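Student: predicted model, plus sequence, below.
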Amino acid sequence: MSKIFEQKLNEMGIQLSERQYQQFNNYFELLIEWNKVMNLTGITEYEEVNEKHFVDSLSIVKAVDIGSIETVMDVGTGAGFPGIPLKIAFPHLKVTLLDSLNKRIKFLDTVISELKLEDIHTIHGRAEDYARKEEYRENFDLVVSRAVANLSTLSEYCLPYVKTGGLFIPYKSGEIEEEVKNAETALKILGGKKRKTVKFQLPGSDIGRTLLVVEKIKFTGKKFPRKAGLPAKEPLK
């Protein structure tokens, strides 16, 4: 177990058992092993993965009380960030991981099985398609995404999954004022309202992070999300 990793988590008020640290180590090993045959991450050094993937994923505690959240969806989860670190650190969460690439889903299923994680499942497909399914639409307390997309597009992917009163929190880096301003109309159309912006540096580093907290204040209109490809091509303005 890495003392540096433990210290950074403690700084954020997160304390884990030995078993949870072991799960993070196993996750790291699987990530590196699978990364040799498919592109999961450009970050492969142990402490760097701890910091830039694990600590970063868990930094959401700065913006929301995770104890009050039950269901989480991670849209465009990639190699499982932030969904899997959240599940390891906060086992009470019921987590759904969505990704459009089947190879990544196979990796995630292996991680879930090897780490013996329960109440977490994967779905292979596009955010625009699954948001139309009754069992997913407006069904989650919290929807997160570390995917790289502008906020208007990301909001259209994610807000349809958030239940009224729930939260959508995208992970961003650097200055996002302009992006937030440009997404104001999209948020309004989709039933969201910006509650706060939380800016910080990851513990013990100069890496700047921004978490935007958007509350779902009303239902998302049935025509959203628009059909696959459109939210990215023509973001709501």
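Tutor: Perfect, thanks for sending it.
Student: ranges for the strands of the protein?
Tutor: Under the criterion DSSP state E, the chain contains strands at 71-75, 94-99, 120-124, 140-145, 162-172, 192-201, 208-216.
Student: partners of the longest one in the sheet?
Tutor: When pairing is defined by DSSP bridges, strand 162-172 lines up against strand 140-145 (parallel), strand 208-216 (antiparallel).
Student: which one of those lies nearest to Lys94?
Tutor: strand 140-145 (9.1 Å; C-beta to C-beta). Heads up, the C-betas are built off the backbone N, CA and C, glycines and all.
Student: the closest one: how far from the chain's middle?
Tutor: The chain centroid and the centroid of strand 140-145 are separated by 7 Å under C-alpha atoms, centre = their mean, to the nearest Å.
Student: pLDDT of that strand, averaged?
Tutor: Throughout strand 140-145, pLDDT has a mean value of 98.
Student: give me the angle between that strand and strand 71-75.
Tutor: 20 degrees (axes from the mean of the first three to the mean of the last three C-alpha atoms, to 10 degrees).
Student: tilt between strand 140-145 and strand 94-99?
Tutor: Computed by the same axes, to 10 degrees, the angle between strand 140-145 and strand 94-99 is 40 degrees.
Student: show me the contacts for the closest residue in space to Arg195 that isn't next to it in sequence.
Tutor: Leaving out its chain neighbours, the residue that sits closest to Arg195 by C-beta to C-beta, 6 or more residues apart in numbering is Val213, at 4.5 Å. Going by C-beta atoms under 8 Å, 6 or more residues apart in numbering, Val213 touches 63-64, 167, 169, 194-198.
Student: of those residues, closest to Leu108?
Tutor: Among these, and counting by C-beta to C-beta, the member closest to Leu108 is Ile169, at 20.4 Å.
Student: can you check the pLDDT for the closest one?
Tutor: Reading off the model, Ile169 has pLDDT 98.
Student: also Ser68?
Tutor: 97.
Student: could you count how many residues lie near the residue nearest to it when sequence neighbours are not counted?
Tutor: Closest residue to Ser68 apart from its sequence neighbours, by C-beta to C-beta, 6+ apart: Asp141 at 8.0 Å. Applying other C-beta atoms under 10 Å, we find 19 residues neighbouring Asp141.
Student: what do you get for the one 10 residues further on?
Tutor: Burial measure for Leu151: 24 neighbouring residues, criterion other C-beta under 10 Å.
Student: go on, the one 3 residues further on?
Tutor: Using other C-beta under 10 Å, the number of residues around Leu154 comes to 28.
Student: how much space between it and Val148?
Tutor: Distance of Leu154 to Val148, given as C-beta to C-beta, to the nearest Å: 9 Å.
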